[in-house]
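S.K.: Fold the following, please.
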Amino acid sequence: MSERRILNSWKEIANYLGRGVRTVQRWEAQLGLPVHRPAGKDHSAVLAFSSELDQWLDSRPLRQAVDGRVEAADLQSLQAQALLVRAEKVLEKLEALVTLADESQRKLSETVSAISESDTSRRELRAVRSRRAEAGAA
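M.R.: Numbers count the residues shown, from 1 in each chain. Purely as a prediction, here's the structure:
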């Protein structure tokens, strides 16, 4: 481990880690990269200590910063998480569609029953009228 350096910006942190600014910001948000905010606010200036960054890197399951496999593994993990979120949203929409389909089927069945009853009533009414007409003619 080298001497403890204070890194005063995202750019310095990214350069120290050999990554892009957006990558180290993502690592902070999703993987717990040790970054300090002196103002204590979410989007304020940042600083990091090189010794803490080295410890964090050493604690990661795959420390292979030179060949970039960490970034690829993290990217795959993020893609998998995003895919799970999308799958959950699709499932929610499917559940809503199934509920809508069930309700539509129920209404359609009620309508078919009502039409069927209506047709039966018309036939019965015609039959009654026909019998009355026959009885009146006889």
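S.K.: Relative to Leu97, how far out is the residue nearest to the spatial centre of the chain?
M.R.: What sits nearest the mean C-alpha location of the chain, by Cα atoms, centre = their mean, is Val85, with 2.6 Å. Plainly put, Val85 is 19 Å away from Leu97 if you go by Cβ to Cβ, to the nearest Å. From N, CA and C alone the C-beta is placed, and that goes for glycine too.
S.K.: tally of neighbours for Arg26?
M.R.: Arg26 has 17 neighbours, counted by other Cβ atoms under 10 Å.
S.K.: Hmm, Val35 and it touching each other?
M.R.: No: using Cβ atoms under 8 Å, Arg26 makes no contact with Val35, being 11.7 Å away.
S.K.: tell me, what's touching these two both at once?
M.R.: Taking Cβ atoms under 8 Å, 6 or more residues apart in numbering as the contact rule, Arg26 and Val35 have no neighbour in common.
S.K.: Assign a three-state SS to Ala48, would you?
M.R.: strand (DSSP: H, G, I helix; E, B strand; the rest coil).
S.K.: tell me the contacts of Glu28?
M.R.: Neighbouring residues of Glu28 by Cβ under 8 Å, 6+ apart: Val35.
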